[in-house]
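> could you work out the structure for the sequence below:
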Amino acid sequence: MSFKVSKAVKSLLVGVCAAAMVASVAACGTTDESDDSTSSKSSAPVTNSVKKDDKIAAMLPDSITKDGKFTVGVSADYAPAEFLDKDGKTPIGYDMDIAKSMAAIFGLKFAPTSAEFDSIMPGIGSKYDVGVSGFTMDPNRKDAGEFVSFLNVGASFVVQKGNPKKLSVDNLCGHSVAVQTGTVHETTVKNLSQQCTAAGKKAIDIQSMKEQTVVATNVATGKADAFCADSPVSGYAVKQDGDKLELLGKAFNMTPEAVVVQKNDMQTAKAVQAALQKLMDDGTYMKILKFWGDESGAIKQAKINDYSDVK
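Here you go, the predicted structure:
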């Protein structure tokens, strides 16, 4: 029986730990807050030349600017979107470079704050000014915040090198699939499992993990048969551990990724949209994506709550 892959995509990742994924998962812990001091190899050089735009900065409400910081919630275990630098505490990646550049446009100090993925959206507006952590435009999240799109990402499955279980997207029934908790990929695999049982086949054994590093490690070590994650994350994991992992089929469901703003805070959403559009128009955005090898996901216009391109 052939399955149609349903809506997917959120963010996950392997990060600096990906290079030593099996040996040192513990190194990818989280911290409360980190500064923006990264080496030239840890961020796109262009981020250091972004200047404040007074007009765009004035769009932000006092609730954001009063402490002089742009506090960004991030689950730093989703390379190359967001992961921890060699110091073990500084979030880096293309999401972080874009967020850092927005902070510069706003004239605020960039303050990335690490947290578990499923705790970020509930904390926006209280603990965080925005969330930038591979959040995709899932209609099921409409009530959780305002979404400002800035990138297109797909979803991909990854299996052990050589695909020893001979899996395909069409025959995951009865097999174990790891996902990061709270991601759209978790919903996607649940939907696939329901299709399995509806067809009289065994359900998928869904392994839901708090950290993407653990998700990837479980597949690399054979504890899970496959994992599902954003296509840039899956590709990066395979690039880092190509002797243990390989992609299963092609990426599917290209979907916009977004900066998440507190629900009903349209003032901040419009300021974020303006900052993102400036980065797109002046070339900074594309230089960041090229630095991280993800320019294929580039878009030309930042939009607020536009679900027209969601698969």
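> wait, is residue 248 part of a strand?
Yes. Counting by DSSP: H, G, I helix; E, B strand; the rest coil, residue 248 is part of a strand.
> that one contacts residue 165, correct?
No. When contacts are counted by CB atoms under 8 Å, residue 248 is not listed as touching residue 165 (10.1 Å). Bear in mind the C-beta positions are built from the backbone N, C-alpha and C, glycine included.
> joint contacts of these two?
In terms of CB atoms under 8 Å, 6 or more residues apart in numbering, residue 248 and residue 165 are both contacted by the residues residue 159.
> okay, the two: which has more neighbours?
residue 248 (20 against 15; other CB atoms under 10 Å).
> got a pLDDT number for that one?
The score at residue 248 is 94. That number is its pLDDT.
> excluding its backbone neighbours, what's nearest it?
Excluding the flanking residues, the one nearest residue 248 by CB to CB, 6 or more residues apart in numbering is residue 157, at 4.0 Å.
> give me the three-state assignment for that neighbour.
Taking three-state DSSP, the label given to residue 157 is strand.
> gap between it and residue 82?
Distance, residue 157 to residue 82, using CB to CB, to the nearest Å: 21 Å.
> so for these two, which sits in the more crowded spot?
residue 82 (29 against 26).
> which residues touch the closest residue to that one other than its chain neighbours?
Once flanking residues are discounted, residue 82 sits nearest to residue 93: 4.2 Å by CB to CB, 6+ apart. Neighbour list for residue 93: 13, 15, 76, 78-83, 292 [criterion: CB under 8 Å, 6+ apart].
> distance check, residue 93 against residue 158.
18 Å.
> next one: residue 51
40 Å.
> looking at these two, which is more packed in?
Of the pair residue 51 and residue 158, residue 158 is the one with more neighbours under other CB under 10 Å, namely 27 against 8.
> name the SS class of residue 89, please.
coil.
> give me the neighbour count for residue 294.
21.
> do residue 109 as well
14.
> and for residue 68?
9.
> likewise residue 125?
Quick note: residue 125 (other CB under 10 Å) scores 19 neighbours.
> quick one: pLDDT of it?
pLDDT, residue 125: 96.
> same question for residue 307.
Value for residue 307, per-residue pLDDT: 88.
> now the one 3 residues further on
On pLDDT, residue 310 comes in at 73.
> from residue 62, how far out is it?
33 Å.
> and for residue 239?
44 Å.
> more neighbours: residue 310 and residue 62, which one.
Just comparing residue 310 and residue 62: by other CB under 10 Å the higher neighbour count belongs to residue 310, 16 against 6.
> checking my notes, the more buried one in a helix, right?
No. Using three-state DSSP, the secondary structure at residue 310 is coil, not a helix.
> so it sits against residue 138, correct?
Yes. Under the criterion of CB under 8 Å, residue 310 makes contact with residue 138 at 7.4 Å.
> tell me where the protein has strands.
Remark: strands assigned in the chain by DSSP state E are 69-74, 77-78, 82-84, 91-92, 109-114, 130-136, 146-160, 176-180, 205-209, 226-230, 245-261.
> outline the domain layout of the chain.
For the chain, the structural domains run 25-153+255-297, 154-253, going by automatic domain parsing.
> export stretch 141-149 to PDB, keeping only CA atoms.
Output in PDB follows, covering the C-alpha atoms of stretch 141-149 (Å, rounded to 0.1, in the frame of the first residue of the first chain):
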ATOM      1  CA  ARG A 141      -0.300  26.400  15.400                       C
ATOM      2  CA  LYS A 142      -2.300  29.400  14.300                       C
ATOM      3  CA  ASP A 143      -3.600  30.100  17.700                       C
ATOM      4  CA  ALA A 144      -0.100  29.800  19.300                       C
ATOM      5  CA  GLY A 145       1.400  33.000  17.800                       C
ATOM      6  CA  GLU A 146       1.900  35.300  14.800                       C
ATOM      7  CA  PHE A 147       4.200  33.700  12.200                       C
ATOM      8  CA  VAL A 148       6.500  35.800  10.000                       C
ATOM      9  CA  SER A 149       8.000  33.600   7.200                       C
END
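> touching it from outside, list them.
121, 124, 131, 135, 137, 256-266, 268-269, 272-273, 276, 299, 302-307.
> hmm, 7 Å instead?
121, 124, 137, 256-263, 265-266, 269, 272-273, 276, 299, 302-306 (CB atoms under 7 Å, 6 or more residues apart in numbering).
> pLDDT below threshold where in the stretch 1-150 of the chain?
For the stretch 1-150 of the chain, residues meeting the criterion pLDDT under 70 lie at 1-41.
> let me see the ranges of the helices in it.
In the stretch 1-150 of the chain, the segments counted as helices under DSSP state H, counting those that start in this stretch are 54-57, 62-65, 94-106, 117-123.
> fine by me, we can end here.
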